[in-house]
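Novice: coords please:
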Amino acid sequence: MNLGQSIRKGTKWLLVGNTVDRVMDFAFGVILARLLVPADFGMLITVQVFTGFVGMVTSGGMGQSLIRAKEVDEDDFNAVLTLQLLVGMLVYGVFFLIAPWFAQYFEKPIYEDLLRVSALIFLLRPFVFMRISWLNREMEFKKRSLVGIIAGIFTGISSVLMAWSGMGVWSLTLSGLIGMFCKNILLARFTPLRLRLNFDIGIMRRHSAYGSKIVANDFLSHIRAEAIKLIMSKLVGPSFLGLFNKADSLHRLPYRTFGSPVSQPLFRAMSKIQDDLDQTKYMYYRVVTLLGVYLLPFYVGLWWVAEPFIGVVYGKQWLPAAEPLRILTMAGIFYIVGRPCGVVLMAQNRLTQEMVGQVFNLIFSVVAVFIGLNWGLEGVSWGILASQIFGAFYYYFLVYRTIPTRLTDLLHALIPCLLLNLPLFLILALIDSLTGDLKVVNSALYLVAMVVPGVLVYMAAFLLLPIMALDSEQQRWKQKFRESLSFLTRQRS
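Specialist: Next up is the predicted model:
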């Protein structure tokens, strides 16, 4: 199996796992919301603010170092495990000691035991991280996705049963530990690693040097997101923040669902060929082309149906988030260009330069939000859009300096998705002009009138337009349709 096939297969399984996880989270979340009171969720979130942030730091990014390395053996995995386990024990000890103070500060005695039990996760994570890193390195994404799905089922069922029996917030806390135990057991069967302690300082230092850069970049990205929320919450209140957060999360959803699963297979593949810059260049632009083809229609569609979609799905009280959503959907094409840049920079160990970009983007975003607040939700949305554009251009500039490329290469990579989405945009504009009143009279029917023809037009353009860069992709889907029709014919006969 060549690298292209490995990326495609890995992406398929990660996409399946990602989609199933989101569906299960939603389904179990609805059940738990009916069995528990809001305060139970609030207490867990309060604890997770601390454990989640520390968890990001304690991971150390060393799993990515193991994935990227040209050659590693079991000693590398065991040395990284030992370091992460030592850090996890230290973190758990700190949380155990400060738990009484934590409970006293929030004036809730239950927080003492809740924090101590929740922090046990730091003693279990290192074993999961090492085995997940091994699966990513070997591009065994099917096994990783299956483990995630099975563990998610156990977590969801156990949380529902405990909530039903009246365990309250403990049903949420203990189910997370059960899920982590389940992951450890399954991963131990799916991976050949014999994990044990290894105090090799040299190996620890080598992987932590790269991993620390990963953590720094993640930290800056986290700070950027939280700083923006903090500014809005402080200056304009939680209602404003809630509306903006709805638009922000919705506009990111297409990429998070369908684009993010590409990252890990692509990172491992680019790490394998990190010395071959021409192959890295080809792989980067191929991913940009395919992401554009599969993701951009979601952003085009959201731009047209933002208001009726929010009104029908979330209710009229959320309609002020519609215009911010329309503005933010224009960031879609910049995600398609910018996000794969991060994978290139990671594979080429250009993390220091990326870190500088994160700092600039943090400053740009904060200033843009401050300025945008003068024009309300729309102003903030334009500010965030400007920061996404700035980030995409900056990261592409870093890639431009890393691999042998030209701006015309980027244009050629984007032409296929632009050719496909132009007829989609035009047909949606035509339908909107013919059914404008329907948007107000019956928003649900308007959505159907826009979505169904839009999907058919895009599928027809994808399969029929003679676009050379997509020939193999078109043939693959045509073959799938032929096989499906043949199967249906056999079933009827």
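Novice: how far off centre is stretch 459-468?
Specialist: 29 Å (C-alpha atoms, centre = their mean, to the nearest Å).
Novice: low-scoring stretches of the stretch 51-200 of the chain, by residue?
Specialist: 52-61 (pLDDT under 70).
Novice: what segments of it are helices?
Specialist: 62-68, 74-106, 110-118, 121-137, 141-164, 169-190 (DSSP state H, counting those that start in this stretch).
Novice: deepest of the ones you listed, which one?
Specialist: helix 62-68 (a mean of 24; mean count of other C-beta atoms under 10 Å). Heads up, the C-betas are built off the backbone N, CA and C, glycines and all.
Novice: with just CA atoms, put that one into CSV.
Specialist: Below are the C-alpha coordinates for helix 62-68, written out as CSV (Å, rounded to 0.1, in the frame of the first residue of the first chain):
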residue,chain,number,x,y,z
MET,A,62,6.1,13.6,23.0
GLY,A,63,3.6,11.3,21.3
GLN,A,64,4.0,13.4,18.2
SER,A,65,7.8,13.1,18.5
LEU,A,66,7.5,9.3,18.5
ILE,A,67,5.3,9.5,15.4
ARG,A,68,7.6,11.8,13.6
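Novice: show me what that helix is in contact with.
Specialist: Helix 62-68 has contacts (C-beta atoms under 8 Å, 6 or more residues apart in numbering) with 72, 76-77, 80, 83-84, 129-130, 132-134, 136-137, 206-208, 210-211, 214, 264, 267-268, 271, 274, 346-347, 349.
Novice: for Ala216, give me its contacts.
Specialist: Leu351, Met355.
Novice: let's see it at 7 Å
Specialist: Met355 (C-beta atoms under 7 Å, 6 or more residues apart in numbering).
Novice: quick one: it from Ile31, how far?
Specialist: Using C-beta to C-beta, to the nearest Å, one obtains 39 Å as the distance from Ala216 to Ile31.
Novice: over to Met450?
Specialist: For Met450 relative to Ile31 (C-beta to C-beta), the value is 32 Å.
Novice: same check, this time on Ser263
Specialist: Where Ile31 is concerned, Ser263 sits at a distance of 31 Å (C-beta to C-beta).
Novice: who's more crowded, those two?
Specialist: Between Ser263 and Ile31, Ser263 has the larger neighbour count (other C-beta atoms under 10 Å), namely 17 against 14.
Novice: beyond the helix or strand harbouring that one, next helix or strand please.
Specialist: For Ser263, the element it lies in under DSSP states H and E is helix 263-272. Sequence order places helix 277-314 as the next helix or strand after helix 263-272, per DSSP H and E.
Novice: Gln348 - nearest residue in space that isn't next to it in sequence?
Specialist: Leaving aside its chain neighbours, Gln348 sits nearest to Thr402 (5.4 Å; criterion: C-beta to C-beta, 6 or more residues apart in numbering).
Novice: could you do Ile371 as well?
Specialist: In space, Ile371 is closest to Gly383, 6.1 Å off (C-beta to C-beta, 6+ apart).
Novice: I figured the one you found hits Val366, correct?
Specialist: No. Judged on C-beta atoms under 7 Å, Gly383 makes no contact with Val366 at a distance of 9.4 Å.
Novice: between the two, which is the more surrounded one?
Specialist: Set side by side, Gly383 and Val366 show more neighbours around Gly383, with 24 against 18, by other C-beta under 10 Å.
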